[in-house]
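Asker: this is a predicted model, with the sequence first.
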Amino acid sequence: MDQQAEGEEPTAGEPPAGEPPAGEKKRFTFPSALTVLAVVTLAVWILTFVIPSGTYRRDGAGDPVQGTYHREAAPGGFVHRLGDLFLAPVNGLYGVRDADTGEVAPDAVGALYGSAGVFLFVLAIGAFITVVFATGALDRGIERLAHRLRDRGALLIAGVMTVFSLLGTVEGFAEETLGFYGLIVPLMLALGYDRMVATGTIILGAGIGVLGSTVNPFATGVASSAADVSLGDGIALRFAMWAVLTAVAIAYVVRYAHKVRTAPDRSLVGFLPGDRELAAEAEEPPELTGLQKAVLTGVVLVFTFMIFSVIPWAGALTGEADAEPYGWELGWSFPQLAALFLVAAILIGVLARLGEQRLSAVVVRGAGDFMGPALTIVLARGVTVIMNNARITDTVLHSIEGAVSGTPGAFFGIMVFLVNLPLAFLIPSTSGHATLAMPILAPLADFADVGRAVVVTAWQSASGLMNLWVPTTAVIMGGVALAKVGYDKYLRFVWPLLVILALLICGFVALGAAMG
């Protein structure tokens with residue numbers, strides 16, 4: 001809808017700009033992640049006056065020692081806590097934890113508690129991804145793959161879903177899929193499939209990849225940082241889960257596609273007038289140029305190197321968590337990865353001959369486009385600062401300690417998965433959800449004698465599963481709108497798969513917890 005021109009009076013009988021027509025009710029819109037976290041920040045601050053303060057003794061690594069909780073008053077009064085609320089976003093970015101008192105403040109002396117490293121990393125990878133898409137190489141590569149497999153329906157579905165899933169597991173490929181409906185829908189219609197096949201191929205392909213993230217910086221990366229574990233910890237379990245869930249999703253979509261092509265009347269969405277004509281309009285995309293092939297090769301090398309740089313190879317190859325790192329291990333974390341993607345963005349831009357002016361503009365635009373996720377991380381971290389300074393984090397841990405003590409590891413892992421399902425709905429930002437939940441979940445894993453990497457896997461699985469269907473994401477609602485299938489029809493299509501995925505996830509999480 002066009003906005004009303006500035007200063008122009010509404011025509012008689014028309015509602016003022018921004019208001020719905022007379023008699024039409026305003027539709028409820030779920031608040032943004034930033035709004036949700038602002039409300040959570042205020043609610044948690046109020047609760048600091050209700051929940052008793054207390055603390056655990058810490059070991060040499062700074063982790064709470066089970067069974068040592070005791071009540072301890074928090075420093076300062078109302079004005080002091082009001083200052084904590086005011087400075088919450090600042091502390092969430094670069095607050096420093098005092099080595100003696102444990103309190104977090106911008107001018108304290110100690111270790112960085114804020115999420116400045118993750119914040120910059122998100123902006124850096126945003127710049128890199130935007131530069132890659134600005135070259136047009138990734139879009140063209142996917143278009144060429146889809147066209148080459150156009151006469152082999154099952155292989156086309158499997159190929160596109162595998163590529164989307166691979167992009168999802170390494171870099172959180174999600175909203176970018178909205179640009180491919182114009183290509184995939186006509187191809188699927190040309191093969192005798194319906195629009196739901198195209199929808200499932202796109203949404204489930206990328207969504208399963210994000211659900212089974214291996215090194216996705218916006219899910220696994222942020223959660224690992226908040227849980228104080230390496231991004232490479234637990235990667236073997238996550239890779240196995242990604243491979244199995246991707247195969248299951250592909251089989252599910254292929255089975256439905258075969259049913260529709262052999263019996264069109266069994267389609268959940270039917271066929272719209274003009275679908276056959278639309279299918280005939282699918283044109284062959286141009287061949288990949290040598291420059292585009294070089295860009296794609298560069299992208300593959302960057303993500304391959306990132307995976308290599310974060311994996312604790314000594315522990316992975318020997319099976320000993322405290323194994324002495326090999327001399328060639330890098331052990332990189334967010335500061336180095338941020339630098340990697342900034343440098344890679346520049347190199348890809350130079351390789352693609354974007355030019356200095358355009359490359360600079362694209363880098364800035366890319367960082368700006370990812371400012372939303374970066375700010376949710378900062379706000380969520382600010383909430384944990386409020387809890388830390390009021391000394392109620394340990395009180396919350398203590399209230400759950402009895403429930404998890406002695407709990408079988410497999411059951412604990414499944415419990416973490418189930419608890420995070422409603423949280424993923426209430427906090428639509430994956431990175432914000434991770435930053436908010438992990439400071440509580442990670443120490444609980446220690447109490448239950450379960451590896452923190454298992455908690456990261458259980459959390460991201462819950463977040464990923466919810467994002468396959470919740471109506472609060474642009475990926476789902478934008479996708480069904482572009483494909484013209486209807487959200488209710490999509491739910492009918494996907495709910496059996498959601499049940500299968502949930503059961504498989506519980507099995508993987510239980511296995512990971514049992515194996516330690």
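Answerer: That came in fine, so what should we check first?
Asker: so where's the stretch 1-150 of the chain uncertain?
Answerer: Residues of the stretch 1-150 of the chain meeting the criterion pLDDT under 70: 1-30, 60-63.
Asker: what segments of it are strands?
Answerer: With DSSP state E, counting those that start in this stretch as the criterion, the stretch 1-150 of the chain has strands at 54-55, 70-71, 96-98, 104-105, 110-112.
Asker: these: which one's closest to R353?
Answerer: Set against R353 and scored by C-beta to C-beta, those come closest in strand 110-112, at 38.9 Å. Quick note: C-beta positions are derived from backbone N, CA and C, even for glycine.
Asker: so which elements touch the closest one?
Answerer: Using 3 or more C-beta pairs under 8 Å, 6 or more residues apart in numbering; DSSP states H and E, the elements in contact with strand 110-112 are strand 96-98.
Asker: how about the strand it packs on: buried residues?
Answerer: 96-97 (16 or more other C-beta atoms under 10 Å).
Asker: roughly how far is that strand from the heart of the chain?
Answerer: Its chain's C-alpha centre and that of strand 96-98 lie 28 Å apart, by C-alpha atoms, centre = their mean, to the nearest Å.
Asker: paired strands for it, with orientation please.
Answerer: strand 104-105 (antiparallel), strand 110-112 (antiparallel) (DSSP bridges).
Asker: of these, which stretch is the most buried?
Answerer: Highest mean neighbour count among those (mean count of other C-beta atoms under 10 Å): strand 104-105, with a mean of 24.
Asker: coming back round to it: can you lay out the strands paired with strand 96-98 as JSON lines showing distance to V364?
Answerer: Shown next, in JSON lines, are these (distance: least, C-beta to C-beta, whole Å):
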{"stretch": "strand 104-105", "distance to V364": "31"}
{"stretch": "strand 110-112", "distance to V364": "26"}
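Asker: the helices in the stretch 201-350 of the chain, which residues?
Answerer: Assigned by DSSP state H, counting those that start in this stretch, the stretch 201-350 of the chain shows helices spanning 222-227, 235-262, 275-280, 290-310, 313-318, 334-351.
Asker: can you tell me which of the ones you listed is nearest to T201?
Answerer: Smallest distance to T201 across the helices of the stretch 201-350 of the chain (C-beta to C-beta): 5.8 Å, for helix 235-262.
Asker: which helices and strands sit right next to that closest one?
Answerer: Helix 235-262 is packed against helix 153-171, helix 195-211, helix 452-466, helix 487-515, with contacts defined by 3+ C-beta pairs under 8 Å, 6+ apart.
Asker: at 6 Å instead, please
Answerer: Other helices and strands packing on helix 235-262, by 3 or more C-beta pairs under 6 Å, 6 or more residues apart in numbering; DSSP states H and E, are helix 153-171, helix 195-211, helix 487-515.
Asker: next one: that helix to chain centre, how far?
Answerer: Taking C-alpha atoms, centre = their mean, one finds helix 235-262 lying 20 Å from the centre of the chain it belongs to.
Asker: now that helix and helix 487-515, what's the angle there?
Answerer: Put simply, helix 235-262 runs at 150 degrees to helix 487-515, going by axes from the mean of the first three to the mean of the last three C-alpha atoms, to 10 degrees.
Asker: buried set for helix 235-262?
Answerer: Buried residues in helix 235-262, counted by 16+ other C-beta under 10 Å: 235, 237-238, 241-242, 245-246, 248-250, 252-254, 256-257, 260-261.
Asker: check stretch 77-88 too.
Answerer: For stretch 77-88, the neighbour count (16+ other C-beta under 10 Å) marks 81, 84-85, 87-88 as buried.
Asker: what number of residues are in the vicinity of the nearest residue to A339 once chain neighbours are set aside?
Answerer: In space, and not counting its chain neighbours, A339 is closest to A124: 7.5 Å by C-beta to C-beta, 6 or more residues apart in numbering. Using other C-beta atoms under 10 Å, A124 has 25 other residues around it.
Asker: before we move on, what about the one 10 residues further on?
Answerer: Burial of A134 is recorded as 21 neighbouring residues (other C-beta under 10 Å).
Asker: ok, now D194?
Answerer: Using other C-beta under 10 Å, D194 is surrounded by 25 other residues.
Asker: check contacts around it.
Answerer: 260, 267, 269 (C-beta atoms under 6 Å, 6 or more residues apart in numbering).
Asker: which among those residues gets closest to E72?
Answerer: When these are compared against E72 (criterion: C-beta to C-beta), the nearest one is V269, at 60.1 Å.
Asker: distance of the closest one relative to V253?
Answerer: Note on V269: its distance to V253, by C-beta to C-beta, to the nearest Å, is 14 Å.
Asker: still on that earlier bit, Y487: which of the helices of the stretch 201-350 of the chain is closest?
Answerer: With C-beta to C-beta as the yardstick, what comes closest out of the helices of the stretch 201-350 of the chain is helix 235-262 (17.4 Å).
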